[in-house]
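A.B. asks: let's see this in three dimensions:
(one chain, ligands or ions: 1)
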Amino acid sequence: MLTLDALSRNFNGQTVLNAVSLDVPQGQVACIVGPSGCGKSTILRLVAGLDVPDGGRIVLAGTEISRPGWAVEARKRRLNMVFQDYALWPHMRVAQIVGYGLRHLTRAERDARVTALLDQMQISALADRLPSQISGGQQQRVAIARALATDPDVLLLDEPLSNLDVQLRLDMRMEFADLFARVGKTVLYVTHDPLEACSFADLLVVMRAGEIEQSGAPQDLFARPRSAWIATLAGYDTRMAGHLIPSPDPAEIVVVIADQPVTLPRSALACEAQPGTSVTVMLHPGSIRLEPTPGAMGENRLQGRVRRCLFEGRDWRVTLGLGSAADATLSLMSPRRLAEGEQVEILFPPEAAVVFRRD
Ligand SMILES: Nc1ncnc2c1ncn2[C@@H]1O[C@H](COP(=O)(O)OP(=O)(O)OP(=O)(O)O)[C@@H](O)[C@H]1O
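C.D. replies: Alright, predicted model coming up:
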C-alpha cells in the first residue's frame, strides 16, 4: 500500500497541496487527473523523494518514507519514475540505458535481465541505437524498461504520452493496460486526460486546486460525478439550466427546463436541494436519442429547435435550443444531418442525468 496522509506543500506562501490523502493498494494503478497547476506533479515529486512535504507524511508498505523536514533518499526508495520527456541519456545505447541501474549485478546477470526487458517492451532490435536514432514511442518504451529494470515496488509516470501523436497515444493506452496488468506494480500515473486514465486506472483521482475532489473506480466516478466540473471531465457535455418543483414521489425529483418538466431519480441530485432551487442538469450526448429506445420505459422528453448541426467525422453534433430561454441548450450526436430551425423531440433515460445546484 502507498499512503499519502494529509500531504501538504507550499511554495512562496502559496498552498499547492492542501492535506491530500490517498491510499493506493499494492498492485493497483492510480491515475491522478486534473488541470494544469493543480498539483499533480508535486505529488509525484514528493513520492519520488525529489521534494519534501510541509505537512503530512508518505508511507510505503508500512514504512514512513517522507514527512516535513525528513525523507528517505530518492535512490533508496523502491520506486522509479518515468518523466514526460523520458530523460534518456543521449550518449548511451538503449541496452546501456536499460541496464544502468543494474551495475551491481554480474555482466551475465545484467545482460540476461536487459534482454528480457527489451523483449518485454518489444524493443530488442533497438538495443544498439542511441536515443536520437529511435522514435518518440520507442523512447517511451526504453524509459519504461529502465524504470522496470530494478524491479521497483512502485512505478511513477508523469504525463508519459503527452509527447506522442494521437494514434500512438491510443495504441499506448492499450499497451499500458496490458503492461500494468502483467507487471503487477503499484502505479501512480499523472495525466490531464481523463479518458486516457480510464483505459487502465483501478483508481481515478480527480484533483483541483491542490485538493482531491473525488476518487474511486473510473466507472463509479463517471456514473456519479460529484461536481459539475467532474461531470464535464467525464463527457457530460450537455448542460441545461432548470429549477426544482415539488415531486409527488420522494424517490424522484422534478426539474423544469425551459417550461418543460422532467422526472429524475433523487439519486441524480449531487446535494440536498429543496423545490425552487436553481439546478444544472447534465447529460452525456451519447444518452440522448431522437427515437425512443425499444423497450425503454419512462424516458424523458424535451422539445427543441435545431440551432446548429456540425459534422464530427462520424456523426453530427446537433445543438438544440429549448423553448425561448437563451441558456437552455442541449447537444446530442445524430447519425443524420438535421436542418437548422427543425423542430425535434429528444428522449433520454432518467438515470442518465446528473443534477447539481446552480449557485
Ligand atoms: N519548485 C517550485 N517553486 C515554486 N512553485 C512551484 C514549484 N513547483 C511547482 N510550483 C507551483 O505549484 C503549482 C502546482 O504545480 P504542479 O507542477 O504540481 O502542477 P501540475 O498539476 O503537475 O501541472 P501540469 O499539468 O501543468 O504539469 C503550480 O502553480 C506551480 O507553479
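A.B. asks: how about the residue lying closest to residue 291 once chain neighbours are set aside, what does it touch?
C.D. replies: If you skip the residues right next to it in sequence, residue 291 has residue 347 as its closest partner in space, 7.6 Å away by Cβ to Cβ, 6 or more residues apart in numbering. C-beta here means a position set from N, CA and C on the backbone, and glycine is covered the same way. Contacts for residue 347 were tallied using Cβ atoms under 8 Å, 6 or more residues apart in numbering; they are 288, 289, 290, 291, 292, 293, 299, 300, 301.
A.B. asks: with residue 178 instead?
C.D. replies: Contact analysis of residue 178 by Cβ under 8 Å, 6+ apart lists nothing.
A.B. asks: buried sites along the strand or helix carrying it?
C.D. replies: Per DSSP states H and E: residue 178 is located in helix 166-183. By neighbour count on 16 or more other Cβ atoms under 10 Å, the buried set for helix 166-183 is 168, 169, 172, 173, 175, 176, 179, 180.
A.B. asks: before we move on, what about stretch 65-78?
C.D. replies: Buried residues in stretch 65-78, defined by neighbour count with 16+ other Cβ under 10 Å: 65, 66, 67, 71, 74, 77.
A.B. asks: got CSV for these, with distance to the ligand and pLDDT too?
C.D. replies: As requested, the buried residues of stretch 65-78 are exported to CSV (distance: Cβ to the nearest ligand atom, whole Å; pLDDT from 0 to 100):
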residue, distance to the ligand, pLDDT
65, 19, 93
66, 16, 94
67, 19, 94
71, 15, 88
74, 16, 79
77, 19, 84
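A.B. asks: in strands only, show me those.
C.D. replies: 65, 66, 67, 71 (DSSP state E).
A.B. asks: which bits of the stretch 51-200 of the chain sit near the ligand?
C.D. replies: The stretch 51-200 of the chain comes close to the ligand at residues residue 192, as judged by Cβ under 6 Å from any ligand atom.
A.B. asks: and the helix holding residue 178, how far from the chain's centre?
C.D. replies: Mean C-alpha position of helix 166-183 versus that of the full chain (Cα atoms, centre = their mean, to the nearest Å) differs by 15 Å.
A.B. asks: quick one: name whatever helix or strand follows that helix.
C.D. replies: Proceeding N to C from helix 166-183, the next assigned helix or strand is strand 186-191, under DSSP H and E.
A.B. asks: packing partners of that following strand?
C.D. replies: Identification of packing neighbours for strand 186-191 by 3 or more Cβ pairs under 8 Å, 6 or more residues apart in numbering; DSSP states H and E yields strand 29-33, helix 40-48, strand 154-158, helix 194-200.
A.B. asks: buried deepest among those, which one?
C.D. replies: Across the helices and strands packed on strand 186-191, averaging neighbours per residue (mean count of other Cβ atoms under 10 Å) puts strand 29-33 on top, at a mean of 25.
A.B. asks: who's in contact with that strand?
C.D. replies: Counting by Cβ under 8 Å, 6+ apart, 22, 24, 40, 43-44, 180, 186-194, 196-197, 200-207, 233 sit against strand 29-33.
A.B. asks: give the helix, strand or coil label for the residue nearest to residue 291.
C.D. replies: strand (DSSP: H, G, I helix; E, B strand; the rest coil).
A.B. asks: sorry, back to before: got a winner among the contacts of residue 347 for most neighbours?
C.D. replies: residue 288 (23 neighbours; other Cβ atoms under 10 Å).
A.B. asks: element containing residue 276?
C.D. replies: Applying DSSP H and E as the criterion places residue 276 outside every helix and strand.
A.B. asks: and if you look at the one 5 residues further on?
C.D. replies: Residue 281 is located in strand 278-283, with elements delineated by DSSP H and E.
A.B. asks: that strand pairs with which strands?
C.D. replies: Take DSSP bridges as the rule and strand 278-283 pairs in its sheet with strand 238-245 (antiparallel), strand 354-357 (antiparallel).
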